[in-house]
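Asker: Make a model of this:
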Amino acid sequence: MTPTSNDVGRRSLFARLTGLDIPTPPRLLDLVPLAAPGVPRARLRHRRIRRAVVALGVSAVLVVGNGVAAYFVPNYAHALAAVPVLSLITGPALSAAGLSAGDIKPLHDEGSWSGVTVTLSGSYADGLQTVLFVDIEGLPAGGPGRPSPTFGLGQIVVTDQFGQSYRLVGGEGLGVGPYPMIFEPLRGAAARVGGRLTLHVPFTKRGGASGALTQIDLHAAVVAGSDHRLAVPAPQAVAGTTYSIADLEASSNSLEVHTLIRGASIDANLAARPAIGQGVCYPGVFLVSPSGTYEIPTASLGDPFGRLKTDHVDEETRVFALSQTGTYRIVATGTGCTGNPPQADPVVAEWSITIGG
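Answerer: Below is the predicted model of the structure:
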């Protein structure tokens, strides 16, 4: 058979492509195995040439279509897109999340309904938390001389491209400009390749009515930074109560502290029968920075009362912002109910940990 001009063109193109010295991006090469187990070394050079051509083809698909791979693997999207300038997120909002401007990936997505505008302005993620900077403006509020609102916010949640859902565990400022909403950390495939997230902001009926009205959906692509476990210090027993740290994990910006408290003070609270309108207080856990500042948690994970009645254990996982390197103290306070340590709620147990250095 006589080759056609198209055949010649295709062969010429293939020869040129396979002859090129292509500087393939490392992330693309990671997706194409060097060689399967048992592949002879003699075939490896040919496989490498084909890998270069495959990588070039993948690059072309991403640039032209930003298609299925870019949707399910946001690492690609991060490499493709230029990021707009961060401008709207203020210092107080960054401080509330324990982050700096350089930590945030700026973005812009917004939606409106019935006079309410929701704007998504930035994102951050690591192994301990997923943070979205969200501004909700125009939400009706009641008050003296004002009619009761006919609708309000429902339960805000985030989902990823793999169908997983992430709860809101901290943050949420309304009418104050972009403010951090802190969600559970990415998990599963999203933690490995990045999450293409949808923020669901639902609206529900008020004023005697009930039921969902509508929701605004906004979108962000995030890639989580790394975290690592720290050595767990020994428990401390004080006046019949045992204070334990079950797990410690740190990222570049945050510390996750998982505590278990059981014994006399917990049993006494459970046995108490407070009068209507009153209650009991459980021990608090705080992080004290190297400069002596008491940090309150930016987020609380899990159900702090889940094991109280069944096991008489006060269990909670808190996320704190790390403001600097050095020696921190994790402190457990008494049950003074003031939330104002250490003056009103004295420290009853403490541990020291070193961050960085």
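Asker: measure Gln155 to Ile136 for me?
Answerer: 14 Å (CB to CB, to the nearest Å). To be clear about C-beta, it is placed using only N, CA and C from the backbone, and glycine gets the same treatment.
Asker: who's more crowded, these two?
Answerer: Ile136 (21 against 10; other CB atoms under 10 Å).
Asker: What residues does the more buried one make contact with?
Answerer: Val116, Thr117, Val118, Leu153, Leu174, Gly175, Val201 (CB atoms under 8 Å, 6 or more residues apart in numbering).
Asker: let's see it at 10 Å
Answerer: Going by CB atoms under 10 Å, 6 or more residues apart in numbering, Ile136 touches 116-119, 153, 156, 172-176, 178-179, 181, 201, 216.
Asker: In strands only, show me the residues you listed.
Answerer: Those of the contacts of Ile136 mapping onto strands are Val116, Thr117, Val118, Thr119, Leu153, Tyr179, Met181, Val201, Ile216, per DSSP state E.
Asker: Next, work out how far apart Leu260 and Thr317 are.
Answerer: For Leu260, the distance to Thr317 - CB to CB - is 10 Å.
Asker: More neighbours: which of those two?
Answerer: Thr317 (21 against 17).
Asker: May I have the beta-bridge partners of Gly152?
Answerer: Legend: beta-bridge partners of Gly152 under DSSP bridges are Thr204.
Asker: what's around it, how many residues?
Answerer: Neighbour count for Gly152, taken as other CB under 10 Å: 17.
Asker: Also Gln236?
Answerer: Neighbour tally, Gln236, other CB under 10 Å: 15.
Asker: Now the phi/psi pair for the residue nearest to it when sequence neighbours are not counted, please.
Answerer: Nearest non-adjacent residue to Gln236, counting by CB to CB, 6 or more residues apart in numbering: Ala349, 4.3 Å away. Ala349 adopts backbone torsions of phi -150, psi 150, taken as degrees, to the nearest 10.
Asker: unless I'm mixing things up, Ala349 is touching Thr241, no?
Answerer: Yes: Ala349 is in contact with Thr241 according to CB atoms under 10 Å; the separation is 8.4 Å.
Asker: Tyr328 versus Tyr294, what's the distance?
Answerer: For Tyr294 relative to Tyr328 (CB to CB), the value is 11 Å.
Asker: Pull up the pairing partners for the helix or strand harbouring Tyr124, direction included.
Answerer: Using DSSP states H and E, Tyr124 sits in strand 116-125. Here strand 116-125 is paired, per DSSP bridges, with strand 105-113 (antiparallel), strand 130-137 (antiparallel).
Asker: re earlier: the residue nearest to Gln236: neighbouring residues, count only.
Answerer: Other residues close to Ala349 by other CB under 10 Å number 22.
Asker: Check what pLDDT it gets.
Answerer: pLDDT recorded at Ala349 is 96.
Asker: what's it in contact with, if anything?
Answerer: Ala349 touches 235-238, 241-245, 259, 261, 283, 285, 330-334, counting by CB under 10 Å, 6+ apart.
Asker: From the neighbour counts alone, determine which of Tyr294 and Tyr328 ranks first.
Answerer: Neighbour count, other CB under 10 Å: between Tyr294 and Tyr328, Tyr328 has more, with 22 against 16.
Asker: Looks like the more buried one contacts Pro233 (just checking).
Answerer: No: Tyr328 is beyond contact range of Pro233, at 11.8 Å (criterion: CB under 10 Å).
Asker: anything in contact with each of the two?
Answerer: Trp351, Ser352, Ile353.
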